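[1] Using only what follows, build the 3D model:
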Amino acid sequence: MQKKQKLQLHPGTKLIMLLLLNVPIFGITDKNIILPFVVFALILLILSREYKVVFKYIVLYAVITSIGVFSEYIPDIIIDLTSTLLVSLKMFLPLIAYGLLVARTTTISEVSYMLDQLRMPDGVIIPFLVMFRFFPTIHEERKMISNAMKLRGIGIDFKNVVSQPLKTAEFIYVPMLFTLLNIGTELTNASLTRGLGGTQKRSYLSTVHMTWQDAVVLAVFFAMIVFFFYLKMSGGIV
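    Below is the predicted model:
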């Protein structure tokens, strides 16, 4: 039996959706209206076989939503301390969903090829690729530091942060800060070593092109944007 192929979208399709999502997010006060956009992103992640990411996102969304629902049973001091953070998280949850779609299903080579096809100058391509690779590199560095510190009985968890805050900061977060200072330079040097910024045209191991899948996904997304504007103009949402 042939294995079903996972969804592979063009990087431009995902970046267009991520950028246009800012319109409905910052155009309304009722953030629950954005839920269809979130569901659409999760469907795309499922079709891309990113099941663990979808599960973690649903858990995060459920926790934040449940805090708002059961806020009357939570002590006021906790609500006061976390209200700003929770409101900010709820506002940016849709952007996080589409950001995960871009980060988890797009390779550096695909982004580089797309920018090259758009005739972008190296002054735009190199910083963009460094930024695109920056956060996954931070995650890898954090895991390595965390694993090393676990051998000494210090880990990044609630127990150690509360019981050993100074040691946690000294042995985990301080090394992370020094590592971050070097990551940008190292990633830039790696990009230049691979031929970015050179005079000759680069070759690519893999290329990406728009397909019927991109057309369908963009059509559905634009339809949701148009419907949002229709509700906005008719006074259905504020």
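[2] what comes up buried for stretch 217-230?
    Val217, Leu218, Phe221, Met224, Ile225, Phe228 (16 or more other Cβ atoms under 10 Å). (Each C-beta comes from the backbone N, C-alpha and C, glycine too.)
[3] from memory the last one sits against Ile33, does it?
    The reference is to Phe228. Yes: using Cβ atoms under 8 Å, Phe228 is in contact with Ile33, at 7.4 Å.
[4] the bottom helix or strand of the chain by mean pLDDT?
    Least confident helix or strand of the chain, by mean pLDDT, DSSP states H and E, is helix 158-163 with a mean of 65.
[5] any idea of the mean pLDDT in whichever strand or helix holds Tyr98?
    For Tyr98, the host element (DSSP states H and E) is helix 76-105. Throughout helix 76-105, pLDDT has a mean value of 76.
[6] The nearest residue to Thr207 once chain neighbours are set aside: neighbour count?
    Leaving aside its chain neighbours, Thr207 sits nearest to Tyr113 (5.6 Å; criterion: Cβ to Cβ, 6 or more residues apart in numbering). Neighbourhood size, Tyr113 [other Cβ atoms under 10 Å]: 19.
[7] Name the nearest residue to Gly15, sequence neighbours excluded.
    Careful, residue 15 is Leu and not Gly. Val102 is the one closest to Leu15 (Cβ to Cβ, 6+ apart), at 6.6 Å.
[8] Distance check, that neighbour against His10.
    Val102 sits 11 Å away from His10, going by Cβ to Cβ, to the nearest Å.
[9] between the two, who's got more neighbours?
    His10 (20 against 17).
[10] Local confidence estimate at the more buried one?
    The confidence metric pLDDT takes the value 87 at His10.
[11] I'd say it and Ala215 touch.
    No: in this structure, His10 is not within contact of Ala215 by Cβ under 8 Å, at 10.0 Å.
[12] Contact partners for Leu93?
    Leu93 makes contact with Val38, Leu60, Tyr61, Ile64 under the criterion Cβ atoms under 8 Å, 6 or more residues apart in numbering.
[13] Check the gap between it and Ile64 for me.
    Leu93 is 7 Å from Ile64, where distance means Cβ to Cβ.
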